[in-house]
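>>> Sequence first, then the predicted structure, then my questions.
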Amino acid sequence: MIGYVTLGTNDLPRAAAFYDELLKEVGARRLWEFPRGIAWGVAEDQPSLCIMTPFDGRPATVGNGVMVALAASSREQVGRVHARALALGGTDEGAVGPRGDGFYAGYFRDLDGNKLAVFCFG
């Protein structure tokens, strides 16, 4: 159902470097590039994650209650992605671990303060 998700940035080159390295961990690559943004995904017919400078020219801000979740294939991959996000300068928003009923996740914020999760089931 979801085609793509967009997160705002105030520093596109810095955000691009963060996501280039982070999304390698889940097998994603740049799918589209344009002057105001970039989209990553595993295939053009699958959902993608975009970062963009705001169209209205005002500063990007973080949405309260907004979070993007990245699907991982295993608990080990959850741990690798979370650790990579922190190593790239992201901040911890919840350590990697079980969250009940087979859901396993870690939470972090990117360099612009956007909240993300990385998760798997099982």
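Nice, thanks for sending it over.

>>> only C-alpha atoms for contact and neighbour calcs from this point on.
Noted.

>>> A helix includes residue 86, no?
Yes. According to DSSP: H, G, I helix; E, B strand; the rest coil, residue 86 belongs to a helix.

>>> Just give me the neighbour total for the nearest residue to it once chain neighbours are set aside.
Nearest residue to residue 86, sequence neighbours excluded (Cα to Cα, 6 or more residues apart in numbering): residue 92, at 6.7 Å. By other Cα atoms under 10 Å, 18 other residues sit near residue 92.

>>> can you check residue 85 too?
25.

>>> Kindly provide the distance from the residue nearest to residue 86 to residue 122.
23 Å (Cα to Cα, to the nearest Å).

>>> before we move on, back to that, for the residue nearest to residue 86, which three-state class applies?
Under three-state DSSP, residue 92 falls in the strand class.

>>> And residue 19, by the same measure?
Three-state call for residue 19 (three-state DSSP): helix.

>>> and it, what does it touch?
Neighbouring residues of residue 19 by Cα atoms under 8 Å, 6 or more residues apart in numbering: there are none.
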